[in-house]
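Visitor: could you work out the structure for the sequence below:
(one chain, ligands or ions: 1)
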Amino acid sequence: MFFCYNTIQKIALGTRMKKLFTIFGNPISHSKSPLMHNLSFRGLNYSGCYTRYKLEDGSMLRDKFFELNITGANITVPHKEHAFRACDVLDEFAQKVGAVNTIVKRDNRLYGYNTDALGFLKAISEFKDIKTVLFLGAGGTAQSTSIVLRDAGYDVEILNRSAKRLERFKKEGFFAYTFGNFSIQNHYDLIVNMTSAGLQDDNYPCPVLFLEKMIPKSKACVDVIYGKETPFLKFAKQHNKPTKDGSDMLLYQGVIAFDYFTDHQFSFEEIKKYMQRAFML
Ligand code: NDP
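Guide: Reported below is the predicted structural model:
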């Protein structure tokens, strides 16, 4: 069970001096992050307390961070770019992608990281013999993830419903297509739904004809949406492809964030052991 921020802060400050953490976003009520991090704090006997904070105005993020006297925070939709601007120090990768989802306060300075993309990289590592990857979608998640995958040696191409978001990818040197100029004869080992299609509707991320041509030739299909089987994943399963949803990505970005929050005191496996319990409840 989770309390509102003020209640948590009073409990934490009034009893033991726990370090406070939160997730900023809007909406935020659905977030699994408080459960994931609190299970790990408890399991690892770390004196921390993690809650959620609905932040409407992203430009207030830095002020809120100091006002609430927190040690670290995750940042989710729609504030990752505000979080990027709120930091004093950015790690190299966050700087490259222009988005921050993890902030840690050290000596009153805010340090920013992006753990989403590394979480995704780790999540797909179980699929072997993958070289070519097609991202369906060109939003913020696709942007940071495409760079990490390319740095790791994958050939990534982007297919998006509309043209505007593709400009940034083209500038970065990616092949990027709209539905109108894409060739369905192309072959990809891994096809990833990076859109929000299927999250709150029953839409496919691209015309179903494209999936009919490409999925049978692929080796695996991944959706970044978690907690439900999207039409995209259902379609891939019907073609007997190995699939996975976004749960592992969420788990691994959380493990990496926790590692920053606790200044590298615990191993990846130790953190994962407790954090993954959030997905079993
Ligand atoms: P953005 O809002 O930045 O981008 C949304 C993208 O989805 C755009 O490319 C948009 O295309 C496309 N899109 C939306 N609806 C449709 C549709 N009906 N058909 C085709 N394309 C569509 O979103 P994010 O990149 O921040 O997030 C994308 C997804 O990733 C979300 O579902 C989010 O929940 C998930 N996510 C999962 C994480 C995890 O840990 N598992 C972490 C972060 C995000 P267009 O440009 O044409 O509008």
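
Visitor: whichever residue of the chain sits closest to the ligand and residue 45, how far apart?
Guide: Nearest residue of the chain to the ligand: residue 139, at 2.0 Å (CB to the nearest ligand atom). C-beta: built from backbone N, CA, C; applies to glycine. According to CB to CB, to the nearest Å, residue 139 and residue 45 sit 38 Å apart.

Visitor: those two: which has the busier surroundings?
Guide: Neighbours were tallied for residue 139 and for residue 45 using other CB atoms under 10 Å; the higher tally belongs to residue 139 (15 against 6).

Visitor: quick check on that one: phi, psi?
Guide: In terms of degrees, to the nearest 10, the main-chain angles of residue 139 are phi -80, psi -160.

Visitor: can I assume it is in contact with residue 194?
Guide: Yes - counting by CB atoms under 8 Å, residue 194 is a contact partner of residue 139 at 6.7 Å.

Visitor: can I get the helix or strand harbouring residue 169 in CSV? Just the C-alpha atoms.
Guide: According to DSSP states H and E, residue 169 maps onto helix 166-171. The C-alpha trace of helix 166-171 is given here as CSV (Å, rounded to 0.1, in the frame of the first residue of the first chain):
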residue,chain,number,x,y,z
LEU,A,166,11.4,10.9,-38.2
GLU,A,167,13.6,14.0,-38.9
ARG,A,168,15.6,13.5,-35.7
PHE,A,169,16.3,9.9,-36.6
LYS,A,170,17.4,10.8,-40.1
LYS,A,171,19.8,13.4,-38.7
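
Visitor: next structured bit after that helix?
Guide: Later in the chain than helix 166-171, the nearest helix or strand by DSSP H and E is strand 175-178.

Visitor: partners of that next one in the sheet?
Guide: With DSSP bridges as the test, strand 175-178 is paired with strand 155-160 (parallel).

Visitor: ok, the strand it pairs with near the ligand or not?
Guide: Yes - Strand 155-160 lies within reach of the ligand by CB under 6 Å from any ligand atom, at residue 160.

Visitor: any idea how far the residue of the chain closest to the ligand is from residue 230?
Guide: Using CB to CB, one gets 15 Å for the distance from residue 139 to residue 230.

Visitor: list the helices and strands the helix holding residue 169 packs on?
Guide: Applying 3 or more CB pairs under 8 Å, 6 or more residues apart in numbering; DSSP states H and E, one finds that helix 166-171 contacts helix 140-151, strand 155-160, strand 175-178.

Visitor: now it: buried residues?
Guide: 166, 168-169 (16 or more other CB atoms under 10 Å).

Visitor: and it, what's its mean pLDDT?
Guide: Helix 166-171 shows a mean pLDDT of 96.

Visitor: starting at the chain centroid, how far to that helix?
Guide: 21 Å (CA atoms, centre = their mean, to the nearest Å).

Visitor: contacts for that helix, please.
Guide: 138, 142-143, 146, 158, 160, 176-178 (CB atoms under 8 Å, 6 or more residues apart in numbering).

Visitor: among those residues, which has the minimum pLDDT value?
Guide: Within these, pLDDT is lowest for residue 143, at 90.

Visitor: chain center to the longest helix belonging to the chain, what's the gap?
Guide: Ranked by residue count, the top helix of the chain under DSSP state H comes out as helix 247-261. Distance of helix 247-261 from the chain centroid (CA atoms, centre = their mean) equals 9 Å.

Visitor: and residue 242, how many neighbours?
Guide: As a burial measure, residue 242 scores 15 neighbours (other CB under 10 Å).

Visitor: now do stretch 197-209: everything it contacts.
Guide: Identification of contacts with stretch 197-209 by CB under 8 Å, 6+ apart yields 136-137, 159, 161, 179, 184, 193-195, 211, 223, 225, 228, 230-233, 235.

Visitor: what does the stretch 101-250 of the chain put close to the ligand?
Guide: 116, 137-142, 160-162, 165, 194-197, 199, 203, 205, 224-226, 246, 249-250.

Visitor: filter those residues to the buried ones?
Guide: Using 16+ other CB under 10 Å, the buried members of these are 116, 137-138, 140-142, 160, 165, 194-197, 199, 205, 224-226, 246, 249-250.

Visitor: need the strands for this structure, in chain order.
Guide: 19-25, 48-54, 72-75, 89-90, 102-106, 109-113, 132-136, 155-160, 175-178, 190-193, 220-223, 243-244 (DSSP state E).

Visitor: in its sheet, what does the fifth one sit against?
Guide: What it means is strand 102-106. Take DSSP bridges as the rule and strand 102-106 pairs in its sheet with strand 72-75 (antiparallel), strand 109-113 (antiparallel).
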